[in-house]
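[1] Sequence and predicted model, in that order:
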Amino acid sequence: MLRNLTRTYNLTIRAEDNGTPKKYGTKDVSITIYADEMAAPVFTKQLYEVSIPETAPINMPVIRLKVTDPSFGKNALVFLEIVGGNEGGEFKINPDTGMLYTQKILDAEKTSFYTLTVTAIDQANLGLRKQSSAKVKVNVLDINDNDPIFEDKNITVLLNENELPGTYVTKVRAKDKDSGENAFISYSIANLYDIPFDIDHFTGEIRTTTVIDYEIMRRSYKLKVRASDWGLPYRRQTEMNVLINISDINDNRPQFERIDCIGKVFRHAPVGTDVFTVSAIDFDVDDYITYRLLGGNEDGCFNMDSITGVITIGCDLKDIRIPHRSINVSATDGTHYSDEMAIQIELLRSDTYDVVKRVDLNGYSSFECHETGVAKKLADSLAAAEKNNMRSEKLEGDVFSLLPNRYGQNVHKPEFVDFPLKLKINESFPLGDTITWINAKDKDLGYNGKLIFGISDGDFESVFRVDPDSGELQLIGYLDRERQENYILNITVCDLGRPSKCDSKLITVDILDVNDNPPVFQRPLFRLHLAEDVRNGSEIFCLNASDADESKNAIINYELKTEKRHFAVNTTTGCLHVIQMLDREKQEVHKLQIFAKDSGVPSLSAEAIITIVVDDVNDNAPVFGVQEIIFKAREDLPKGTVIAKIEAHDFDEGVNSDILFAIKEDTTNGSLFKIDKISGIIQTQNYLDYETQQIYNLVVSAIDCGSPSLTSDMSVVIEIIDVNENRFAPEFNDFVYMGSIKENVPKGTVVRNVTAKDQDLKGPDSEISYSIKGGDGIGVFFVTEKGSIRTLSHLDAETKNFYWLTLCAQDHGIVPLDNCVQFLGNLYGSIMGRNDQAVESGNASKIKVLV
């Protein structure tokens with residue numbers, strides 16, 4: 001891949017005048033050349049890493065990604081985009097400033113880090129755009145933002161009474177989604193009054209601290225168990241209900257209310273008569289007591305109802321001899337038995353009825369017993385138990401209602417304190433400095449009163465940041481009043497309660513101007529055309545410079561630094577005037593250096609270079625290099641031969657400098673020559689003859705195309721040079737000549753005469769000589785100057801009976817011309833043979849010669 005190359009050249013430019021002595025000045029210029037060859041934007045890092053708390057508010061600045069692109073124009077504009085790792089939309093990036101922001105509330109318990117892929121794409125034409133990418137790892141720091149959570153919201157436990165202290169009751173468990181110390185949990189019981197239970201702070205095990213008596217103590221306990229984490233600055237806690245119901249066990253035996261009973265029963269009492277009722281009490285709740293006779297009733301004269309304890313007569317007492325008897329009774333709850341109780345019974349005759357009647361309960365019997373007081377004990381126990389249980393319900397309320405924790409609910413929303421509605425800062429305000437402090441308060445406690453500050457809207461250029469914990473408003477990006485003169489920031493403060501409560505207010509930040517912008521010309525480089533005959537005092541152009549600052553920092557004055565001899569500038573309006581006549585032929589281009597200075601302190605300036613091109617007016621005639629020029633030409637030049645090229649120059653330009661050439665009428669023989677009107681090329685248009693005329697005098701005119709046109713003349717002398725005029729080569733009549741001769745003829749015998757003709761005029765150019773240039777007859781034949789082919793040696797037909805020759809004719813010109821008869825096939829000649837050998841046939845031998 002091609003790489004983006006950047007080179008910097010440091011040049012020293014010297015300007016020198018033509019005075020005596022010469023004076024000069026120098027200036028150093030640094031030129032940076034960018035070779036923009038498929039260059040992509042470049043991140044300052046391939047991996048960025050940053051950590052933020054999970055309580056970071058929405059729109060909180062996370063990190064600014066910096067990208068460089070050495071290209072120019074829109075190719076250097078870079079657009080940033082998150083292309084990976086942000087599936088949940090938790091983050092966003094300002095495509096212009098590169099600032100990464102939070103876009104949603106983060107949760108470290110769900111995602112502890114994000115790895116984002118950010119691309120930077122330049123804004124070149126489609127198909128030519130280049131991009132690069134970088135990774136951003138965002139670590140989400142855990143904050144104590146989660147309350148412990150019990151595995152069970154409520155637990156109900158049944159506990160037997162009379163268990164020893166330290167008896168295991170139940171175990172509660174809670175978890176915290178946070179991490180580190182924020183997830184460590186300790187347990188406690190939050191009841192306001194003493195209870196016979198304790199909890200292990202680390203394991204959550206609940207145990208008894210004393211023996212619990214169902215009959216006299218509370219029969220259920222509602223424990224408010226609290227789980228607290230170890231987070232800072234505040235602990236988070238959760239409460240749950242543990243309902244412990246005390247189970248009554250059968251730990252009391254029945255007790256008779258009356259003992260040591262002595263009774264009197266009349267004998268005449270009918271069978272089935274109730275004579276006495278025994279009563280036993282069991283302190284256990286809901287215990288079922290039954291009664292039975294244990295002894296003293298062997299004859300069955302008395303019966304006992306096992307349920308009610310009523311003793312009735314079971315026989316006719318009149319027949320009973322023994323007047324005294326003792327019966328034993330017992331009560332049981334099914335597990336425990338009471339002490340045996342003896343009942344003394346005396347049987348009375350009916351004549352004693354009147355005496356006993358006063359104390360008789362049912363008319364047939366009368367009993368006296370000793371009270372044990374157990375009924376009162378039961379009443380006292382029930383009263384105490386009722387009091388304890390009523391007190392518990394009154395203090396702790398409903399089984400599933402919790403006491404408020406120390407922090408309470410998130411009742412109040414945050415309130416700003418001394419909020420600054422408007423701020424003013426200079427655009428040169430240092431990065432990182434504190435602009436102001438945002439203060440707020442919340443009447444709630446704990447995390448319900450813990451405040452987080454943020455900028456929810458208005459910071460579209462990524463230049464502000466508010467510390468989420470302290471509320472410190474800082475500058476994190478460069479300000480430019482000329483780009484943005486004020487910002488309206490929406491400051492939001494939220495508590496960390498569940499649910500969170502927030503408040504927002506708008507703050508206006510006005511950016512004050514400093515003189516940080518030099519004037520800017522609308523066109524710092526301008527090219528202007530002026531006619532060289534423009535009048536003095538003419539206004540030719542008005543410069544326009546502006547200053548993005550305001551007030552006096554934007555007041556501009558203009559100053560001309562160069563070309564003051566010909567031009568002047570109005571210091572207020574920037575309009576240029578001509579103050580001296582221009583002459584394009586002396587100076588075609590004027591470069592004006594004009595400064596625009598503002599009125600700030602210190603003053604800033606800008607430079608404009610105005611290039612004034614002086615347009616030509618046709619005020620110069622064409623100029624030849626010389627007044628007369630001489631050319632020489634050979635007389636043998638063919639028609640159309642270039643003799644000379646005439647050049648002329650016009651100091652004007654454009655059509656005013658375009659020149660047309662013409663030959664004025666020549667009295668000698670102007671028809672022999674012609675000139676191309678555009679190129680000035682002189683050519684022959686007929687044959688020259690030295691013998692006819694040796695010198696030609698031409699007058700060539702150069703005419704410009706201005707309006708009106710201007711003309712100049714120049715004399716052109718052409719001398720004719722005498723040359724050889726041999727134009728034609730000799731020519732034969734035929735291409736092939738045939739001849740025959742007898743063998744053994746004498747040397748010098750003529751074989752054949754050939755003739756060539758020359759069309760040149762009579763003289764050396766037309767005189768012809770002949771020669772043999774080739775063939776297998778060389779050395780056998782020769783040709784005379786007159787074209788007579790003769791033998792050079794003796795011929796023998798038996799040895800060779802044919803020959804071929806190449807015969808050439810050449811004239812006697814200075815540059816001789818020749819022509820040859822070419823052999824176009826097998827050449828042969830016929831030579832008559834002499835009968836000097838035995839004849840095998842009747843024909844005489846012949847030798848054939850092909851010329």
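    Alright, I've got the coordinates. Residues are numbered from 1 along each chain as shown.
[2] Determine the set of other helices and strands touching the strand or helix carrying A227.
    If you go by DSSP states H and E, A227 is part of strand 220-229. Using 3 or more Cβ pairs under 8 Å, 6 or more residues apart in numbering; DSSP states H and E as the contact criterion, the secondary-structure elements in contact with strand 220-229 are strand 185-189, strand 197-199, strand 237-247, helix 374-396. Any C-beta I mention is one placed from the backbone N, CA and C, and that applies to glycine too.
[3] do that again at 6 Å, thanks
    Judged by 3 or more Cβ pairs under 6 Å, 6 or more residues apart in numbering; DSSP states H and E, strand 220-229 is in contact with strand 185-189, strand 237-247.
[4] Contacts made by the shortest one with the rest, please.
    What it means is strand 185-189. Here strand 185-189 makes contact (Cβ atoms under 6 Å, 6 or more residues apart in numbering) with P148, A174, D176, I199, H201, G204, L223, V225, R226, A227, S228, D229.
[5] among those, which ones are buried?
    Burial by neighbour count, judged by 16 or more other Cβ atoms under 10 Å, picks out P148, A174, D176, I199, G204, L223, V225, R226, A227, S228, D229 from the contacts of strand 185-189.
[6] K677: which of those is nearest?
    D176 (104.7 Å; Cβ to Cβ).
[7] how about that closest one, what does it touch?
    Contacts for D176 were tallied using Cβ under 6 Å, 6+ apart; they are N146, P148, A183, I185, D229.
[8] angle of the strand holding A227 against strand 237-247?
    Here strand 220-229 runs at an angle of 160 degrees relative to strand 237-247 (axes from the mean of the first three to the mean of the last three Cα atoms, to 10 degrees).
[9] Adjacent strands (with direction) for strand 220-229?
    Partner strands and pairing direction for strand 220-229 (DSSP bridges) are strand 185-189 (antiparallel), strand 237-247 (antiparallel).
[10] CSV for those strands, including distance to L348, mean neighbour count and mean pLDDT?
    CSV is the format used below for the strands paired with strand 220-229 (distance: least, Cβ to Cβ, whole Å; neighbours: other Cβ atoms under 10 Å; pLDDT from 0 to 100):
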stretch, distance to L348, mean neighbour count, mean pLDDT
strand 185-189, 67, 18, 95
strand 237-247, 51, 19, 92
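[11] Export the ones you listed to a markdown table and append columns for distance to I491.
    Shown next, in a markdown table, are the strands paired with strand 220-229 (distance: least, Cβ to Cβ, whole Å):
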| stretch | distance to I491 |
| --- | --- |
| strand 185-189 | 36 |
| strand 237-247 | 31 |
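[12] what's the closest of the helices and strands packed on strand 220-229 to I105?
    Put simply, out of the helices and strands packed on strand 220-229 the one that sits nearest I105 is strand 237-247, at 21.3 Å, with distance taken as Cβ to Cβ.
[13] from the chain's centre, how far out does that closest one sit?
    Averaging C-alpha positions (Cα atoms, centre = their mean, to the nearest Å) puts strand 237-247 56 Å from its chain's average.
[14] same question, stretch 116-123
    Distance, centroid of stretch 116-123 to centroid of chain: 2 Å (Cα atoms, centre = their mean).
[15] Measure how buried T210 is and give me the count.
    For T210, the count of nearby residues is 14 (other Cβ atoms under 10 Å).
[16] Understood, closing this out.
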